[in-house]
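In: fold the following.
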Amino acid sequence: MPKQTFFNLPEDKKDNLLYAVEKEFSRVPFYEASISNIVKTAAIPRGSFYQYFEDKEDAYFYLLNKQVEMKQNQFLKCLKMHDGNLFEAVIHIFELSIEGNPNDQGLLFLKNAFLNMTHEIEEKLNRIFNIEGSNAKIEEIDTLIDKEYLNISNNVELHHLMQLISMVIFRNLIEKYAQNLTYEQAIENFKIQINLLKNGLGKDTNVKE
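Out: Purely as a prediction, here's the structure:
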């Protein structure tokens with residue numbers, strides 16, 4: 001979490017600093033990122049960086065948390081747009097996650113995050129689809145999901161379903177970036193896997209034709 005001095009900055013200076021942070025973490029993975037490049041882009045003394053953040057990890061995860069909050073808001077909008085149909089909503093948010101300018105800093109930042117996933121990064125990203133907890137956003141997601149579309153009995157099963165969906169989304173994003181798939185290829189692969197989840201993989205062999 002940034003220091004209070006960061007939050008005390010005027011909005012334009014905060015935006016300038018965050019732009020510099022995002023630019024560096026969009027250029028290279030976290031472990032290769034340079035504070036020197038950040039302060040150069042932001043046009044501030046190196047010492048000033050440490051007045052606002054503890055270290056580069058502090059700056060990175062603050063930015064990642066902001067991306068997670070943005071994606072949570074997108075997910076909420078998708079659920080509302082598709083009347084609570086979870087499967088349609090996750091297809092829509094996957095489309096939103098890979099469309100747009102490939103040189104956009106936000107997309108490049110998330111690309112680096114997925115291609116260099118650690119347990120801590122995955123834990124933060126999982127919050128996008130987490131329906132456990134008590135904050136208002138999580139409760140709203142849980143309320144918006146229309147359970148009539150789902151073959152589940154309780155919220156425990158819903159939690160596990162959301163974990164499976166998260167795994168499918170993350171795997172497909174990594175595959176899209178690692179293999180440089182086209183937008184169309186990535187969407188087709190994702191829809192196949194989501195439809196397998198939606199329709200189930202088991203076959204009742206006791207049914208007589």
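In: all helices in the protein, in order from the N-terminus.
Out: Assigned by DSSP state H, the helices in the chain fall at 4-7, 11-27, 35-42, 46-52, 56-81, 86-98, 105-115, 119-125, 136-144, 155-178, 183-199.
In: mind exporting the worst-scoring helix or strand of the chain on mean pLDDT as PDB, just the C-alpha atoms?
Out: In the chain, no helix or strand scores lower on mean pLDDT, DSSP states H and E than helix 136-144, which sits at a mean of 79. C-alpha atoms of helix 136-144 as PDB (Å, rounded to 0.1, in the frame of the first residue of the first chain):
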ATOM      1  CA  ALA A 136     -20.200  -4.800  -1.200                       C
ATOM      2  CA  LYS A 137     -18.700  -5.600  -4.600                       C
ATOM      3  CA  ILE A 138     -18.400  -9.400  -3.800                       C
ATOM      4  CA  GLU A 139     -21.900  -9.400  -2.400                       C
ATOM      5  CA  GLU A 140     -23.200  -7.700  -5.500                       C
ATOM      6  CA  ILE A 141     -21.500 -10.200  -7.800                       C
ATOM      7  CA  ASP A 142     -23.000 -13.100  -5.800                       C
ATOM      8  CA  THR A 143     -26.500 -11.400  -6.000                       C
ATOM      9  CA  LEU A 144     -26.300 -10.800  -9.700                       C
END
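In: how far off centre is it?
Out: The chain centroid and the centroid of helix 136-144 are separated by 17 Å, computed with Cα atoms, centre = their mean, to the nearest Å.
In: report the buried residues of stretch 61-76.
Out: Using 16 or more other Cβ atoms under 10 Å as the burial criterion, the residues of stretch 61-76 that qualify are 61, 62, 63, 64, 67, 68, 71, 72, 74, 75, 76. For glycine as for every other residue, the C-beta is placed from the backbone atoms N, C-alpha and C.
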